[in-house]
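> Here's a sequence, model it:
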Amino acid sequence: MPKILLCFQKNIFLATTYKFNHLKIKYNISALIIALVFLFFKSEAQDIHFTQFYSQAQMLNPAQTGYFEGDWRVAAIYRNQWRSIDKQPFTTIGVGADKPFRIYSDQINAGILLLNDQSGVVNLTSNRVYLSLSYLKKFGGHSLAFGIQPGYVFDFTDVNKYTYDEQFELGSENVFNSDLPNGEDMGNNINFFDINAGVLWAKQLTKAFKPEVGYTAMHLTNPYRSFKGVKDKSTRFGLRHVFHGGGSLTLGKKLRLKPNILYMYQTKATDMLLGTNVEIDLPSKSLKTVYVGTLFRYGWEKNYDASSWILGIIYKNVNVGFSYDINISSLQEATNNRGAWEISLVYISPSTKLNKIQIPCDRY
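Residues are numbered from 1 along each chain as shown. Down below sits the predicted model:
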């Protein structure tokens, strides 16, 4: 969770608690959610993110499009967050498919990515469609890829579900009167063009260790994002810088470490995830691998957010992962430490590429 959003959460929670104790008014906790979502209109730091970021290659970095061993890949992920607050979760769904087109040692790759994000009781919805293109070059044991990802964003919100200060009535039975005029002029939709770009490097340094490092620049068009049509610095969709690293470290015939690190910077907000998965190969030909892991999320300036725990299996060519975030931020007073859960699925079709060329020879 970006730092600026955590600060908003803390301040709004304390303010809401103050009104509970001193005004003796029975606010529904959904007021907290509405306030958080309303801040989205003026905040450049709010953006889609996943705990299992490494499972969503195209979303993490368009340079990773087609970067796998196989003929084609389909990946899907679902995230559910903040259900403990008034049973109004923030949900995010990502679905993508990509395919490499190999030309000797080089590759030209193509893919498509669909994202849906819904926030809180006001049905703040963001639908995004991206096309991914990348070029992968292999030389001297190195793999270097460049990717670009143009797309279009469709944002929607239900204005009728908002409440405003002008509708606040101390003497009324329900505290808020939605029939009162709110004095706001706000639309329901925002549509704009978006584009991301990235680079990826990998190399088999030793027989046991292969690192991967990448960088992505997201929202290069820096579009305006305001339901009120405001065009100034505060309504810009901030450029997001994404640095990520990973790889594989073999510890034995059946044991591997898969370290993962992610650092993001967007309009003075920071987000970092750091951890590792441990993979164990099984003797079964169907249930090939099981893995467990943990990630820790925090901001650059000791802004602790969550501890994430991961469990997954690789069955034939399907990788299924489940993660749960334990909230340890200042919002834990409202969430009771309950954060988000995710489930991811990645299917990679077996490769039909010929590794060896054999020329038949008649024998006499």
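
> centroid residue for this protein?
Among the residues of the chain, the one closest to the centroid is residue 49, at 2.3 Å (Cα atoms, centre = their mean).

> Show me what the closest residue to that one other than its chain neighbours bridges to in the sheet.
Nearest-residue entry for residue 49: residue 271, 6.8 Å, with adjacent residues in sequence omitted and distances by Cβ to Cβ, 6 or more residues apart in numbering. C-betas here are computed from N, CA, C, even on glycine. Using DSSP bridges, the bridge partners assigned to residue 271 are residue 264.

> so how far is residue 298 from residue 271?
Taken as Cβ to Cβ, to the nearest Å, the spacing of residue 271 relative to residue 298 amounts to 8 Å.

> So which of those two has more stuff around it?
Neighbours per residue, other Cβ atoms under 10 Å: of residue 271 and residue 298, the larger number sits with residue 271, 25 against 21.

> okay but that one is in contact with residue 264, surely?
Yes. Using Cβ atoms under 8 Å, residue 271 is in contact with residue 264, at 4.5 Å.

> Show me the shaky parts of the stretch 251-364 of the chain.
Along the stretch 251-364 of the chain, the model assigns pLDDT under 70 to residues 299-305, 328-338, 354-364.

> can you pull out the strands in it?
When assigned using DSSP state E, counting those that start in this stretch, the strands of the stretch 251-364 of the chain occupy the ranges 255-266, 269-281, 287-298, 304-315, 318-327, 338-348.

> mind listing what the helix or strand harbouring residue 131 pairs with, with the direction of each?
Assigned by DSSP states H and E, residue 131 belongs to strand 124-139. Under the criterion DSSP bridges, strand 124-139 sits next to strand 106-119 (antiparallel), strand 142-156 (antiparallel) in its sheet.

> ok, back up a step: now do the phi/psi pair for the residue nearest to the centre of the chain.
phi -150, psi 160 (degrees, to the nearest 10).

> Residue 120 versus the residue nearest to residue 293 when sequence neighbours are not counted, what's the distance?
Nearest non-adjacent residue to residue 293, counting by Cβ to Cβ, 6+ apart: residue 277, 3.3 Å away. For residue 277, the distance to residue 120 equals 31 Å [Cβ to Cβ].

> Likewise for residue 156?
Counting by Cβ to Cβ, the gap from residue 156 to residue 120 is 13 Å.

> Mind checking which of the two has more residues around it?
residue 120 (23 against 16).

> isn't the more buried one right next to residue 88, touching?
Yes. Residue 120 lies in contact with residue 88 (Cβ under 8 Å); the separation is 5.4 Å.

> So for residue 177, which of the strands paired with strand 124-139 sits nearest?
strand 106-119 (24.7 Å; Cβ to Cβ).

> What are the contacting residues of the closest one?
Outside strand 106-119, the residues that touch it by Cβ atoms under 8 Å, 6 or more residues apart in numbering are 36-37, 40, 48, 58-59, 65-67, 90-101, 124-138, 147, 149, 151.

> what mean pLDDT does it have?
Averaging pLDDT along strand 106-119 yields 94.

> in that strand, what's buried?
For strand 106-119, burial by neighbour count (16 or more other Cβ atoms under 10 Å) applies to 107, 109, 111, 112, 113, 115, 116, 117, 118, 119.

> Make TSV from these and add distance to residue 228 to it.
Formatted as TSV, those follow (distance: Cβ to Cβ, whole Å):
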residue	distance to residue 228
107	45
109	40
111	35
112	32
113	29
115	24
116	23
117	20
118	21
119	17
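
> tell me which of these is nearest to residue 220?
residue 113 (15.9 Å).

> What's the separation between the closest one and residue 274?
Taking Cβ to Cβ as the measure, residue 113 falls 25 Å from residue 274.

> how about stretch 97-107: buried residues?
By neighbour count on 16+ other Cβ under 10 Å, the buried set for stretch 97-107 is 97, 98, 99, 100, 107.
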